[in-house]
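A.B. asks: Kindly generate the corresponding structure for this input.
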Amino acid sequence: MSIKAKKILVISESIDINDSSGTKGRVALINNLVEAGFNLKVLHYTSKDIFLEGVDCVRIKERKISILYVLSRMERVFTRVTKISLNPYLESWFGFSFTFFNDAKSIKKAVKKEIGNNTYDFVMTLSKGASFKPHYALLDIPEIHDKWMTYVHDPFPYHFYPRPYNWIQPGFRQKEQFFLEVSEKAKYSIFPSLLLKEWMASYFPNFLKTGIVIPHQSAEKDFPTQDFPNYFDASKFKVLHAGNLMKQRSPEGLIEGFKLFLYKNPEAKDASRLLLLGSASHHTEMLEKYKTDIPELYVSNGSVSFDMVYQLQQHVSVNVILESKSEISPFLPGKFPHCVEANKIILSLAPYYSETRRLLGDDYPYWAEVDQVEKIAAIIENLYQLWKQNPDNLNLNRLDLIEYLSADYLKKVLKSI
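C.D. replies: Presented below is the predicted three-dimensional model:
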């Protein structure tokens with residue numbers, strides 16, 4: 001059978017790219033599967049009808065005639081009236097919420113109906129955040145386990161995240177058992193990074209046997225050209241960090257490095273800007289202080305639309321990928337493909353052991369730990385001097401990474417199995 005004849009049933013928790021960065025990544029994977037020549041049908045649990053070009057998309061409807069549905073709505077009403085959340089207690093007892101169980105049952109019902117009427121070569125489960133509802137649903141459909149490709153986008157459960165993340169979820173033992181079963185029953189497990197595969201295999205060894213690395217996909221989009229916002233001056237040397245700044249991802253080292261660069265190069269003040277676009281509620285007080293001290297720093301008031309961010313990434317001088325201070329970062333940031341597509345130098349602020357650094361290469365010169373202020377300042381100064389000579393000096397020019405993130409590479413990986 002040719003690769004174009006392969007049929008894949010994709011069960012995705014969402015295909016609404018506006019609901020999370022994770023969904024953007026899942027939709028890019030779906031689009032590149034189509035581009036690679038696979039015949040796709042997507043069952044999705046999005047709350048509204050959404051259609052993707054070249055894909056048969058069917059929305060899974062929530063079961064509303066079930067005891068789980070009634071219990072989930074009773075729980076919501078109780079929380080709304082009393083302001084007391086029962087979720088921590090319910091998850092401690094059962095592992096998951098009533099809503100989770102009802103959603104998983106809804107997905108299971110739709111999948112069983114679909115596979116009863118059709119034949120597929122692979123069945124792929126995609127999720128977001130920490131829910132993994134499609135994965136839970138497929139555990140209960142053993143007849144397709146020999147075709148099951150489970151996508152593991154992040155560590156799970158939360159207490160398996162590397163430090164400084166230190167979340168422990170209610171019902172963590174049940175969640176561990178759930179993911180142990182996923183690791184043992186799925187025929188293939190897909191990870192967006194090699195380090196994540198190895199990290200998760202340290203807890204669930206069978207992932208080493210079934211694991212496949214498929215990076216977040218490049219999916220260049222033709223968004224309508226928009227006028228640049230007032231804070232964006234195309235003529236200046238611009239360093240951009242786009243994306244939410246979680247509590248564990250502090251931009252302080254980057255800002256201090258930029259501040260030191262300006263101190264050492266006062267002539268650069270009129271020509272340089274540091275832009276932080278995205279939610280940063282955990283760092284509000286610190287950022288307000290810096291905004292007063294550093295006029296060349298711009299911090300957005302909350303999130304910026306994806307199409308605008310994508311356009312700005314194409315026109316800045318340097319794109320920043322900022323990760324947490326840690327011994328290891330097994331994640332491949334969702335923005336990595338966008339930064340590679342932009343063909344601008346990437347300033348990687350990450351641990352020595354990180355997927356971003358692994359892909360950029362050991363000899364990549366524009367990498368520093370997130371708190372290495374002097375090194376960050378020196379890198380920015382070097383890039384500024386190159387930009388002054390010719391802005392094209394800051395083109396990334398990494399054809400190897402473009403290939404790695406492409407539909408052609410995706411096709412090669414899946415063809416190999």
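
A.B. asks: right, and the helix or strand after the host helix or strand of Glu181?
C.D. replies: Using DSSP states H and E, Glu181 sits within helix 172-185. Heading C-terminal from helix 172-185, the first helix or strand you meet, by DSSP H and E, is strand 188-191.

A.B. asks: which residues are contacting that next one?
C.D. replies: 122, 124, 148-152, 182-183, 197, 200, 207, 210-214, 417 (CB atoms under 8 Å, 6 or more residues apart in numbering). Heads up, the C-betas are built off the backbone N, CA and C, glycines and all.

A.B. asks: Now which of those residues would you call buried?
C.D. replies: 122, 124, 148-152, 182-183, 197, 200, 207, 210-211, 213-214 (16 or more other CB atoms under 10 Å).

A.B. asks: which of the residues you listed lies closest to Tyr69?
C.D. replies: Val182 (24.7 Å; CB to CB).

A.B. asks: contacting residues around that closest one?
C.D. replies: Phe132, His135, Leu139, Thr150, Ser189.

A.B. asks: residues touching the first one, list them.
C.D. replies: It refers to Phe132. Thr125, Phe156, Phe178, Phe179, Val182.

A.B. asks: one more time with 10 Å
C.D. replies: The neighbours of Phe132, taking CB atoms under 10 Å, 6 or more residues apart in numbering as the test, are 13, 96, 100, 104, 125-126, 150-154, 156-157, 175, 178-179, 182.

A.B. asks: Please enumerate the helices of the stretch 1-150 of the chain.
C.D. replies: 21-35, 67-82, 87-94, 98-117, 133-139 (DSSP state H, counting those that start in this stretch).

A.B. asks: what's the first one packed up against?
C.D. replies: Under the contact criterion of 3 or more CB pairs under 10 Å, 6 or more residues apart in numbering; DSSP states H and E, the helices and strands touching helix 21-35 comprise strand 7-12, strand 39-44, strand 122-126, strand 148-151, helix 306-315, helix 336-342, helix 407-415.

A.B. asks: same deal with the shortest one?
C.D. replies: For helix 133-139, the packing partners by 3+ CB pairs under 10 Å, 6+ apart come out as strand 7-12, helix 98-117, strand 122-126, strand 148-151, helix 172-185.

A.B. asks: Please identify the most buried of the ones you listed.
C.D. replies: Among those, the stretch with the highest mean neighbour count (mean count of other CB atoms under 10 Å) is strand 122-126, at a mean of 25.

A.B. asks: OK, contacts around Thr23?
C.D. replies: Thr23 neighbours (CB under 10 Å, 6+ apart): 12-17, 44, 46, 126-129, 334.

A.B. asks: tell me which residues of the helix-or-strand element of the chain with minimal mean pLDDT are tucked away?
C.D. replies: Least confident element among the helices and strands of the chain, by mean pLDDT, DSSP states H and E: helix 87-94 (a mean of 80). Of all the residues in helix 87-94, those buried under the rule 16+ other CB under 10 Å are Asn87, Leu90, Glu91.

A.B. asks: Kindly indicate which of those residues lies nearest Leu262.
C.D. replies: Asn87 (46.9 Å).

A.B. asks: which non-adjacent residue is nearest the residue positioned nearest the centre of the chain?
C.D. replies: Relative to the mean C-alpha position of the chain, the nearest C-alpha, by CA atoms, centre = their mean, is the one of Gly334, at 3.7 Å. Leaving out its chain neighbours, the residue that sits closest to Gly334 by CB to CB, 6 or more residues apart in numbering is Ser21, at 4.6 Å.

A.B. asks: Report how many residues lie close to that neighbour.
C.D. replies: 16 (other CB atoms under 10 Å).

A.B. asks: check contacts around it.
C.D. replies: Lys128, His216, Gly243, Asn244, Gly278, Phe306, Pro333, Gly334, Lys335.
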